[in-house]
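Engineer: Generate coordinates for the sequence data below:
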Amino acid sequence: MKNSLKSSAFLKGWAWVPTLYFAEGLPYVMVMTVSVIMYKELKISNTEIAIFTSLLYLPWVIKPLWSPIVDIFKTKRSWITTMQLLISLGLAGLAFTLSLNNFFVWTFVLFAILAFFSATHDIAADGFYMLGLDKHEQSLFVGIRTLFYRIAMIAAQGLLVIAAGFLEEHFKVSQGLVGIRYAWLITFLIPALIFLVLYFYHKFILPRPAEDKPAVDNSQKAITREFVDAFKTFFNKKQIGLTIAFLLLYRLGESQLVKLASPFLLDARLKGGLGISTESVGFIYGTVGIIALVVGGLLGGFAIARSGLKYWLWWMIAAINLPHIVYIYLSFTQPASYYIITTCVAIEQFGYGFGFTAYVMYMVYICEGEYKTSHYAICTGFMALGMMLPGMVSGAIQEAIGYNLFFIWVLISALPPVLIAKYLYIDPQFGKKVKEAYD
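Structural biologist: Numbering: from 1, shown residues only. Model prediction:
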């Protein structure tokens, strides 16, 4: 009987876990990556693109500060559905602002609002996942949630960008830059409709766990004390200075590269770019690249499970940084071969996926103990800050020195995390699978 109930709960999980994490990934990629490609096609400078799209990380930077609000007011289920409806409306509103003369200001404001909705949705969804499934089911679905988050990345960064490129070519012939705006208007209406469907679907299909209720039983003083204690205990951890520096600088190179990779692929050859179409960027960077990233991440997880984080840390720092050499090669040779470009992007993204595993596992390592969830949220705030600040200046650096020297600078940016990692203490056994746990 118990096995039958567990099987039923597991099957019910398939009804909402995949769609919930697809909904978590889609707006993030629209805000952080698709916005870069859209602005580049609408002739916004690399400096402005880098500054303003990097600022959109801010809601994820400060997410730990308002995450208690999600616990205190209403249920996580209601937060999820409300945010999905608001995201749908926000995407639709963003689409129609593209027709305005001052579209850049209005689209940025709406991207910022969408970023806030998306970050809030993340808090509610991750909390609901732990309430809607028991611990055994959570472990069974952890790979599924990651897979559908990645599928959302392919859908947004790949398929939607390919669709935008196709529409650009269709409308550009007769309408020029106005036609490109119209192409992106239609492109943004697609995810707006998807989120409207997800809103109605989750309104009916999400379970109603008894534990999912606002924290009204706790006094305001108790909640505040817990919130303050979580921050105090985090900043009192051993090597906290080195830890924060490592969290901020581990992706120093990647944080700059990610803002200029798509503009580099799209820019004309006379400007130092590769001059490929929006459709090609959607396929190369948003589809093949994401698949390579997922494969790299999976192999990174297997590697750490086999030999531990400490053993693989140096190799993974190398993996996330050394493949930046392919962009140096691409910028100096400017190959016309679609195969060469695709292979180079895949190599870099595979290295990023493999190397990023160490970063995630290090966050898990330093968050062990009391206030684990709160401490991990603080870590993700530093992670977002580490992407935001270097990303903001990357466009200005590139426009000042050109793509060739910029990609060399990105490679040099690997030095700070290498130096910091030398002094970090990590338990040699952390990350290894303990055989007894599976017997």
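Engineer: Any idea how many residues pack against Thr333?
Structural biologist: 11 (other C-beta atoms under 10 Å). For the C-beta atoms, the positions are set from N, CA and C on the backbone; glycine is no exception.
Engineer: And Phe235, by the same measure?
Structural biologist: 12.
Engineer: repeat for Phe204
Structural biologist: With other C-beta under 10 Å as criterion, Phe204 counts 7.
Engineer: can you give me the helices in the stretch 101-250 of the chain?
Structural biologist: Counting by DSSP state H, counting those that start in this stretch, the stretch 101-250 of the chain has these helices, from start to end: 103-132, 135-153, 161-205, 220-235, 240-249.
Engineer: could those helices go into JSON lines alongside distance to Ile340 and mean pLDDT?
Structural biologist: What follows is the helices of the stretch 101-250 of the chain, written out as JSON lines (distance: least, C-beta to C-beta, whole Å; pLDDT from 0 to 100):
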{"stretch": "helix 103-132", "distance to Ile340": "33", "mean pLDDT": "90"}
{"stretch": "helix 135-153", "distance to Ile340": "24", "mean pLDDT": "78"}
{"stretch": "helix 161-205", "distance to Ile340": "20", "mean pLDDT": "87"}
{"stretch": "helix 220-235", "distance to Ile340": "46", "mean pLDDT": "74"}
{"stretch": "helix 240-249", "distance to Ile340": "31", "mean pLDDT": "92"}
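Engineer: Give me the pLDDT value at Gln239.
Structural biologist: pLDDT for Gln239: 89.
Engineer: Please work out which of the helices of the stretch 101-250 of the chain is packed deepest.
Structural biologist: helix 103-132 (a mean of 21; mean count of other C-beta atoms under 10 Å).
Engineer: Just the angle for that helix relative to helix 161-205, thanks.
Structural biologist: 40 degrees (axes from the mean of the first three to the mean of the last three C-alpha atoms, to 10 degrees).
Engineer: ok so, going back, minimum distance to Gly289: which of the helices of the stretch 101-250 of the chain has it?
Structural biologist: Evaluated over the helices of the stretch 101-250 of the chain, closeness to Gly289 peaks at helix 135-153, with 9.5 Å, by C-beta to C-beta.
Engineer: how about Tyr182, what does it touch?
Structural biologist: Tyr182 sits next to 98-99, 167, 171, 175 when contact means C-beta atoms under 8 Å, 6 or more residues apart in numbering.
Engineer: model confidence over stretch 326-337, on average?
Structural biologist: Mean pLDDT, computed over stretch 326-337, is 95.
Engineer: In CSV: the helices of the stretch 101-250 of the chain, plus distance to Lys271.
Structural biologist: Below are those laid out as CSV (distance: least, C-beta to C-beta, whole Å):
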stretch, distance to Lys271
helix 103-132, 20
helix 135-153, 28
helix 161-205, 17
helix 220-235, 45
helix 240-249, 30
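Engineer: Nearest to Gly353, out of these?
Structural biologist: Of these, the one closest to Gly353 (C-beta to C-beta) turns out to be helix 135-153, at 9.7 Å.
Engineer: Tell me the one among the contacts of Tyr182 nearest to Asp427.
Structural biologist: Nearest member of the contacts of Tyr182 to Asp427, counting by C-beta to C-beta, is Leu98, at 51.3 Å.
Engineer: What does the pLDDT read for the closest one?
Structural biologist: 90.
Engineer: now do Leu298
Structural biologist: Model confidence at Leu298, given as pLDDT, is 86.
Engineer: Could I get the contacting residues of it?
Structural biologist: Gly353.
Engineer: Which pair in the contacts of Tyr182 has the greatest spatial separation?
Structural biologist: Maximum distance among the contacts of Tyr182 (C-beta to C-beta): 14.6 Å, for Ser99 and Leu167.
Engineer: So for Lys259, which of the helices of the stretch 101-250 of the chain sits nearest?
Structural biologist: The nearest among those, by C-beta to C-beta, is helix 103-132 at 14.4 Å.
Engineer: hang on, the earlier thing: can you tell which of the helices of the stretch 101-250 of the chain is closest to Thr81?
Structural biologist: Thr81 lies closest to helix 161-205 among the helices of the stretch 101-250 of the chain, at 5.2 Å (C-beta to C-beta).
Engineer: which strands and helices sit next to the helix or strand where Cys379 lies?
Structural biologist: Using DSSP states H and E, Cys379 sits in helix 372-412. Here helix 372-412 touches helix 46-55, helix 58-61, helix 63-72, helix 220-235, helix 240-249, helix 252-266, helix 325-333, helix 338-366, going by 3 or more C-beta pairs under 8 Å, 6 or more residues apart in numbering; DSSP states H and E.
Engineer: after that helix, next one along is what?
Structural biologist: helix 415-421.
Engineer: How about the contacts made by the closest residue to Ile426 other than its chain neighbours?
Structural biologist: In space, and not counting its chain neighbours, Ile426 is closest to Lys310: 4.3 Å by C-beta to C-beta, 6 or more residues apart in numbering. By C-beta under 8 Å, 6+ apart, the contact set of Lys310 is 426-428, 430-431.
Engineer: what secondary structure does Lys310 sit in?
Structural biologist: helix (DSSP: H, G, I helix; E, B strand; the rest coil).
Engineer: again, but for Ile44
Structural biologist: coil.
Engineer: roughly how far apart are it and Ile113?
Structural biologist: Ile44 is 19 Å from Ile113, where distance means C-beta to C-beta, to the nearest Å.
Engineer: just Leu242 next, same as before
Structural biologist: 36 Å.
Engineer: Could you do Cys379 as well?
Structural biologist: 25 Å.
Engineer: Ok, Trp409 next?
Structural biologist: In terms of C-beta to C-beta, Trp409 sits 33 Å off from Ile113.
Engineer: about what we covered before: now do the helix holding Cys379, average pLDDT.
Structural biologist: 91.
Engineer: How far does that helix sit from its chain's centre?
Structural biologist: Put simply, helix 372-412 sits 13 Å off its chain's centre (C-alpha atoms, centre = their mean, to the nearest Å).
Engineer: And stretch 78-93, by the same measure?
Structural biologist: With C-alpha atoms, centre = their mean as the basis, stretch 78-93 stands 19 Å off its chain's centre.
Engineer: Could you pull out the buried residues of that stretch?
Structural biologist: Going by neighbour count (16 or more other C-beta atoms under 10 Å), the buried part of stretch 78-93 is 79-93.
Engineer: hang on, the earlier thing: if we take the contacts of Tyr182, which one ends up nearest to Ala305?
Structural biologist: Leu167 (43.6 Å).
Engineer: what sits against the closest residue to that closest one other than its chain neighbours?
Structural biologist: For Leu167, ignoring the flanking residues on the chain, the nearest one in space by C-beta to C-beta, 6+ apart is Ala183 at 3.5 Å. With contact taken as C-beta under 8 Å, 6+ apart, Ala183 is in contact with 164, 167-168, 170-172.
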